[in-house]
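1. Return atomic coordinates for the entry below.
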Amino acid sequence: MLSFEAILTTGLTVVIYTVILVAIYRVFQIGADVSEMKQLLKDIRRNTSRDNQAVAVTPAPESAEALVRAVHAASYEDLDETIREAQS
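-> From the prediction side, this is the model:
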């Protein structure tokens with residue numbers, strides 16, 4: 001009975017240490033992910049601040065129907081250019 005208790009205690013100790021090590025590893029992994037996200041947000045903020053100065057404001061379509069017409073017109077213009085280039 002004494003050896004069974006020793007084996008059980010040793011097994012539980014190993015499991016507990018393993019769980020603690022995995023938890024510490026996960027904390028460091030989460031910290032690395034958070035620092036990477038912070039860096040990406042800084043890059044996005046830096047890029048958008050430059051882009052806002054150079055972007056021209058385009059008027060929004062009045063309705064959904066006008067938006068659909070604008071999208072179709074733009075796609076047809078691209079298609080026409082592609083056909084002209086292919087024929088040349």
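
2. Okay, and the spatially most central residue of the chain sits in which element?
-> Centroid-nearest residue in the chain: Met37, 8.9 Å away (criterion: CA atoms, centre = their mean). For Met37, the host element (DSSP states H and E) is helix 2-54.

3. just checking, what packs against that helix?
-> Helix 2-54 sits against no helix or strand, with contacts defined as 3 or more CB pairs under 8 Å, 6 or more residues apart in numbering; DSSP states H and E. Using the backbone N, CA and C atoms, a C-beta is placed for each residue, glycine as well.

4. Keeping just the C-alphas, turn the following helix or strand past that helix into CSV.
-> Scanning forward in sequence from helix 2-54 by DSSP H and E, the next helix or strand is helix 64-87. The C-alpha trace of helix 64-87 is given here as CSV (Å, rounded to 0.1, in the frame of the first residue of the first chain):
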residue,chain,number,x,y,z
ALA,A,64,-28.4,51.4,-53.1
GLU,A,65,-29.6,51.3,-56.7
ALA,A,66,-27.1,54.1,-57.6
LEU,A,67,-24.3,52.1,-55.9
VAL,A,68,-25.2,49.0,-57.9
ARG,A,69,-25.2,51.1,-61.1
ALA,A,70,-21.8,52.6,-60.2
VAL,A,71,-20.3,49.2,-59.5
HIS,A,72,-21.6,47.8,-62.8
ALA,A,73,-20.4,50.8,-64.8
ALA,A,74,-16.9,50.5,-63.3
SER,A,75,-16.7,46.8,-64.0
TYR,A,76,-17.9,47.3,-67.6
GLU,A,77,-15.2,50.0,-68.1
ASP,A,78,-12.6,47.5,-66.8
LEU,A,79,-14.0,44.8,-69.1
ASP,A,80,-14.0,47.1,-72.1
GLU,A,81,-10.3,48.1,-71.5
THR,A,82,-9.4,44.4,-71.2
ILE,A,83,-11.2,43.6,-74.5
ARG,A,84,-9.5,46.5,-76.2
GLU,A,85,-6.0,45.4,-75.0
ALA,A,86,-6.7,41.9,-76.1
GLN,A,87,-7.7,43.0,-79.6
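
5. Nothing else from me, thank you.
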